[in-house]
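> next come a sequence and a model predicted from it.
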Amino acid sequence: MLSQIAPSDDLAFFRPHQFLARENERPEAYYDILEGWACRHRLLSDGRRQITALYLPGDLCDPIWPLSGVCHDAVVALTNVRAVRRPLGDMQPLDRSRGAGLRLAESIERQSGWLVSLGRKTAVERLAHLLLELFERMRRAGLAYGQQCALPLTQTDIADATGLTAVHVNRTLQAMRAKGVLEFHSKWLRIPDLGALRDLAALGPHDPV
């Protein structure tokens, strides 16, 4: 669920494409995302981009910063973002009072899932896994409505998160729509059958999302 806002909280606002942190920067604060989406990415020398994390409402951006003190990859807003700005010195690295330790563990587990997906899964399995993960994260934040949630990602964003081309993403999504396992309407995702999408993502009954 989303963090509660205290009167003393320092709110920060970012526009789409604005940096929350730049590559190899030493941030002075981390952000508790209240609204909007952001991503961490790395650019190759030829301009290709790999999205290495997506930050949604309820996420800490980034829970690793209090441990490392450095943002190795740039973090940029994908939509308008509203967040609580918390100085790094105000948090012990594994401070469980704010759930930071739990959210760090979830972030590490999610990265493992992405690694398996990128290394071993087919295009359909990768997309199904990513969309299911995003839906479940939005639901845990209280931002899913029935079987649907906001999905403000472009097909290029999805391609850069899954290691595919935008053309491949488009074709794969069309095939998934034709099978009736998902629907897109005006940046909203609807999943008629979560079990079917889970099967399509090659997830076992006890695999985390």
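Nice, I can see it.
> tally of neighbours for residue 122?
12 (other CB atoms under 10 Å). Heads up, the C-betas are built off the backbone N, CA and C, glycines and all.
> and the helix or strand bottoming out on mean pLDDT in the chain, how far out from the chain middle?
Least confident helix or strand, the chain: helix 65-68 with a mean of 81, by mean pLDDT, DSSP states H and E. Chain-centre distance of helix 65-68: 19 Å, with CA atoms, centre = their mean, to the nearest Å.
> cool, stretch 183-193 as well?
So, by CA atoms, centre = their mean, the centroid of stretch 183-193 is 17 Å from its chain's centroid.
> now swap in stretch 113-133 and tell me
That offset, for stretch 113-133, works out to 13 Å (CA atoms, centre = their mean).
> buried sites along it?
113-114, 117, 121, 123-133 (16 or more other CB atoms under 10 Å).
> so which of those residues belong to helices?
113-114, 117, 123-133 (DSSP state H).
> tell me the SS of the spatially most central residue of the chain?
Taking CA atoms, centre = their mean as the criterion, residue 54 is the residue nearest the geometric centre of the chain, at 2.4 Å. Of the three states, residue 54 takes strand according to DSSP: H, G, I helix; E, B strand; the rest coil.
> now the one 3 residues further on
With three-state DSSP as the basis, residue 57 sits in coil.
> leaving out sequence neighbours, find the closest residue to it.
residue 141 (5.0 Å; CB to CB, 6 or more residues apart in numbering).
> gap between the one you found and residue 64?
20 Å (CB to CB, to the nearest Å).
> okay, these two: which has more neighbours?
Between residue 141 and residue 64, counted using other CB under 10 Å, the more crowded position is residue 64 (20 against 17).
> and the ones in helices among the buried residues of stretch 113-133 as CSV, adding distance to residue 40 and pLDDT?
Output for these, formatted as CSV (distance: CB to CB, whole Å; pLDDT from 0 to 100):
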residue, distance to residue 40, pLDDT
113, 16, 89
114, 11, 93
117, 16, 93
123, 22, 96
124, 25, 97
125, 23, 97
126, 18, 97
127, 20, 97
128, 22, 97
129, 18, 96
130, 15, 97
131, 19, 97
132, 20, 96
133, 15, 96
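> name the nearest of those relative to residue 205.
residue 132 (13.7 Å; CB to CB).
> now for the residue lying closest to residue 35 once chain neighbours are set aside, how many residues are close by?
Spatial nearest neighbour of residue 35, excluding adjacent residues (CB to CB, 6+ apart): residue 82 at 4.3 Å. By other CB under 10 Å, the residues close to residue 82 number 15.
> who's in contact with residue 82?
11-13, 33-36 (CB atoms under 8 Å, 6 or more residues apart in numbering).
> mark which of these are buried, thanks.
Counted by 16+ other CB under 10 Å, the contacts of residue 82 give 12, 33-34, 36 as buried.
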